[in-house]
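show me how the following folds:
(2 chains)
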Amino acid sequence: MQEHDMSWVRTEMALAQPAPASVSGPGAWVRRNLIGSVGDTILTILGIVIVAWVLPQVINWAFINAVWTGPDRTVCATVAQGGIQPDGWSGACWAFVNAKFGQFMFGTYPVEERWRPILVAILFTALLVPMLIPRVPRKGLNAILLFLVLPIVSFFLLVGGVFGLPHVETSRWGGLLITLSLSFVGIAVSLPLGTVLALGRRSEMPIVKTLCVIFIEAVRGIPLITVLFFVSVMLPLFLPAGVTFDKYLRALIGVSLFAAAYMAEVVRGGLQAIPKGQYEGADSLGLGYWQKMGLIVLPQALKLVIPGIVNTFIGMFKDTSLVLIISMFDLLGIVKQNFSDANWATAQTAKSGLVFAAFVFWLFCFGMSRYSMYTERRLDTGHKR
Amino acid sequence: MASQEVLREESSRASFINDPKIRSLFFQTLVVIVLFGSVWWIVQNVIDNLQRLHIASGFGFLKGRAGFDISDTPIAYTSDSTYGRAIVVGLINTIIVAVAGIITATIIGFVIGIGRLSQNWLIQKICTVYVEIFRNIPPLLVIFFWYSGVLAVLPAPRDSYHLPFGSFLNQRGFYFPRPVWGEGSWLIVVALLVGIAMAWFVARTARQRQMATGQQFPVLWTSVALIVGLPLLAYVLSGFPLSFDLPKQSTFNLTGGFQVKPEFLSLYLALSCYTAAFIAEIVRAGIRGVSKGQTEAAAALGLRSGSILRLVVVPQAMRIVIPPLTSQYLNLTKNSSLAIAIGYPDLTATAGTVLNQTGQAVEGVLIMMIAYLILSLVTSAVMNVVNARMALVER
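As a prediction, this is how the structure comes out:
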């Protein structure tokens, strides 16, 4: 049986293939990212339609048709509504925001005393910025100034009544002043309180553990509004007759307790992620409970959960807007209150005011989330599993 | 030996204060004493204050006449009804808006979340912009935006926007045809139920057969045919009993049809848009959490990309997604209490009104807390069942 010879040698040159499509440059980028396949092309067309429909409207409304300055509502109303704009006009009424800017920032804080919150804001920024930049030295001193000295100084500056400063009732505070002060104090209180609650929940003492679990789960199970109701309606009932709390202080207690419960769960996540060897190592070194936690466990645990902590901060910052339910006027509350100003009532007022408030909230929250991402990258020591 | 015993005894006697058991006992006793002390003090204060304000404690007030009207009443309610019924109306309203919001937020969230992973640059950026906008502004602001910024500036009823299927949109809300169930329409409902039951049965048998023999069966189309076809058949057989009450435009208002009020609409839209941004992030994290090797292995086995997604990626991603998804659902339910800011009569709003009218602060807040706790527990229980079905079955 003769074997068939299968060998074959090609004698002519193969035809040159066309040059491959370029893999760099704008053309290739468009091919790869926008029109890779039929489905992709359809999606791109859909996306272009959405952008082409939304973007011009937004730009027109917010910039091109917008009114930037003006004395009263006539500049933002159409002729039919008793204003000067042509019929069918639709644009942002930044004149409204411009006219009310002082109120949006400080509420009804007396105009001649507004240098005080401004000074507090300057001090706060001056202490916060070096705190946030890792290269600036003396973090310990900075932290003491920011979290211990500044609150006391700010308290006397804002409330007054001493050193010849006129007293300003907290009921006259408002706008961004309330939003920022509530969230700063809330952050400063909820992080240590939440840490203590988390430690309590992981404690081996059954009574302490049960109490912490009940507190955390009860607070997490109900909306913040109910907590605010609770502190605004029930706190006066809990105290002896005649003892009253400032409304601002009540809101502060409500927001801090609420945030502390969420913070406790975040910190607990971090505590659980620390390997048991760390606890045992600390024990074998002869460290006591607080030394073990403060020197070994918490520094590692808190570092692990920085994103969660910042998320809770962001949530709390947004939640401060709910104090308007118990008739305090934070940034959102004061913007909303000004809708009813007859001098500025137009179809565009509400939208413009809300977009402005949204922009301010967005700036703060977005900034916080970006900074947390940066810190996360910086603190990443490669131990993450 | 003996000396060692002595030594141990001595050392344990010396460390009497340092004995962890005794220490823990001491601290716990301290906590209990402080706790009981403050509770006793608070209770005394509450009793004093209530006596001073002449408020009787107890839940008897729930039987009193409410005397206030509620704008959205899913069950029969007038101002002559009891306080208890007012709170129940609020609870049902909360459940309605929470369920509607959860369904819509899940759909939007999944679409946006998958869009953020798209190869398509434009779609990816649009979805990112959506997520970054809605995650960073307060939900209350979104509610106000829909309520005062969008819905309040819609045209008056006589200039309503005409939408398809005979529905209308104006500043008083959204109107759509109300189905009128005529004689014999129960047959349609029965047919629908039978259709769903049969579809479930077909799906089960088909799965068993595929497990046993490898033969596939077009389950999807059969189910659609059963669920849509059977009620249609019943509709024809029973002589077209279903008709629609169309909203009609008159000079100043719309009459007839079903009206969805702007309060509900803005709350529902805001909660859906806001929560969807968070769900999108969860979905994205879930899908990215499935390792690339899984996709590649599935492709090596010869599965098509659709099957890879359906059979390999999604089931694994769901395991990562469901726990945080549950907490988002709980957040949405809790955020529905923001309804009070725009006057939608949810649980917080009605219970708050009752609380203000009767002065029964302790009982009112207690009812609110318990109701929200129960809602949260029910949601968690349902999602735990779903989670248990999705979870990895290990030996």
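
and the stretch 151-300 of chain A, which residues reach chain B?
A:204-208, A:211, A:218, A:221-226, A:229-230, A:233-234, A:236-241 (CB under 8 Å from any CB of the partner chain). From N, CA and C alone the C-beta is placed, and that goes for glycine too.

buried among those residues? Make that a ChimeraX selection.
Filtering these down to the buried ones (16 or more other CB atoms under 10 Å in any protein chain shown) takes a single ChimeraX command:
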select /A:205,207,208,211,221,222,223,224,225,226,229,230,233,234,236,237,238,239
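
so how far is chain B from residue A:137?
32 Å (CB to the nearest CB, to the nearest Å).

same thing with residue A:49?
As for residue A:49, its distance to chain B is 11 Å (criterion: CB to the nearest CB).

checking that residue next. Helix, strand or coil?
Under DSSP: H, G, I helix; E, B strand; the rest coil, the three-state class of residue A:49 is helix.

show me what the helix or strand residue B:124 falls within is in contact with.
Following DSSP states H and E, one finds residue B:124 within helix B:121-135. With contacts defined as CB atoms under 8 Å, 6 or more residues apart in numbering or on different chains, helix B:121-135 is touched by A:33-34, A:43-44, A:46-48, A:50-51, A:362, A:365-366, A:369, B:112-113, B:115-118, B:142, B:273-274, B:276-278, B:280-281.

export the helix or strand just after it as CSV, just CAs?
Proceeding C-terminally, helix B:121-135 gives way to helix B:139-144 as the next helix or strand, assigned by DSSP H and E. Extracted C-alpha coordinates of helix B:139-144, given in CSV (Å, rounded to 0.1, in the frame of the first residue of the first chain):
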residue,chain,number,x,y,z
PRO,B,139,-33.4,63.7,46.8
LEU,B,140,-35.6,66.5,48.2
LEU,B,141,-34.2,68.8,45.6
VAL,B,142,-35.1,66.4,42.9
ILE,B,143,-38.6,66.2,44.2
PHE,B,144,-39.0,69.9,44.3
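
helices or strands up against helix B:139-144?
Under the contact criterion of 3 or more CB pairs under 8 Å, 6 or more residues apart in numbering or on different chains; DSSP states H and E, helix B:139-144 touches helix A:331-337, helix A:349-379, helix B:262-288.

and the pLDDT for the spatially closest residue to residue B:118 that is not a sequence neighbour?
Using CB to CB, 6 or more residues apart in numbering or on different chains and skipping the chain neighbours, the partner closest in space to residue B:118 is residue B:124 (5.1 Å). pLDDT recorded at residue B:124 is 91.

returning to that earlier point: selecting buried members of the contacts of helix B:121-135 in PyMOL, what would you type?
For anyone working in PyMOL, the buried entries among the contacts of helix B:121-135, judged by 16+ other CB under 10 Å, can be selected with:
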select buried, (chain A and resi 33+34+43+44+47+362+365+366+369) or (chain B and resi 112+113+115+116+118+142+273+274+276+277+278+280+281)
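
which ones are touching the nearest residue to residue A:365 once chain neighbours are set aside?
Residue nearest to residue A:365 in three dimensions, not counting chain neighbours: residue B:136, with 3.7 Å by CB to CB, 6+ apart. Residues near residue B:136 by CB under 8 Å, 6+ apart: A:314, A:361-362, A:365-366, A:369.

close to chain A: what parts of the stretch 151-300 of chain B are there?
Contact residues, the stretch 151-300 of chain B versus chain A (CB under 8 Å from any CB): B:152-153.

any weak-confidence spans in the stretch 151-300 of chain B?
For the stretch 151-300 of chain B, applying pLDDT under 70 flags the ranges B:251-252.

show me what residue of it gets nearest to chain A.
Using CB to the nearest CB, the single residue of the stretch 151-300 of chain B nearest to chain A is residue B:153, 4.6 Å away.

quick one: contacts for that residue?
Residues counted as contacts of residue B:153 (CB under 8 Å, 6+ apart) are A:347, A:350-351, B:171.

can I get the contacts of residue B:136 in a markdown table including distance to residue A:282?
Output for those, formatted as a markdown table (distance: CB to CB, whole Å):
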| residue | distance to residue A:282 |
| --- | --- |
| A:314 | 32 |
| A:361 | 42 |
| A:362 | 43 |
| A:365 | 37 |
| A:366 | 39 |
| A:369 | 33 |
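
next, format these as JSON lines and append distance to residue A:97 and pLDDT.
Shown next, in JSON lines, are the contacts of residue B:136 (distance: CB to CB, whole Å; pLDDT from 0 to 100):
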{"residue": "A:314", "distance to residue A:97": "24", "pLDDT": "89"}
{"residue": "A:361", "distance to residue A:97": "14", "pLDDT": "92"}
{"residue": "A:362", "distance to residue A:97": "15", "pLDDT": "93"}
{"residue": "A:365", "distance to residue A:97": "20", "pLDDT": "92"}
{"residue": "A:366", "distance to residue A:97": "20", "pLDDT": "92"}
{"residue": "A:369", "distance to residue A:97": "25", "pLDDT": "89"}
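
now do the residue of the stretch 151-300 of chain B closest to chain A against residue B:146, distance only.
11 Å (CB to CB, to the nearest Å).

likewise for residue B:58?
Distance of residue B:58 to residue B:146, given as CB to CB: 40 Å.

pretty sure residue A:378 is touching residue A:134, no?
Yes: judged on CB atoms under 8 Å, residue A:378 makes contact with residue A:134 at a distance of 6.4 Å.

now the strands for chain B?
Along chain B, the segments classed as strands by DSSP state E run B:161-163, B:167-170, B:173-176, B:178-181, B:242-245, B:248-249, B:254-255, B:258-260.

buried deepest among those, which one?
Comparing the strands of chain B by mean neighbour count (mean count of other CB atoms under 10 Å in any protein chain shown), strand B:173-176 ranks first with a mean of 21.

other SSEs contacting it?
Strand B:173-176 packs on strand B:167-170, strand B:258-260, helix B:262-288, going by 3+ CB pairs under 8 Å, 6+ apart.

any idea how many residues pack against residue A:14?
Burial measure for residue A:14: 6 neighbouring residues, criterion other CB atoms under 10 Å in any protein chain shown.
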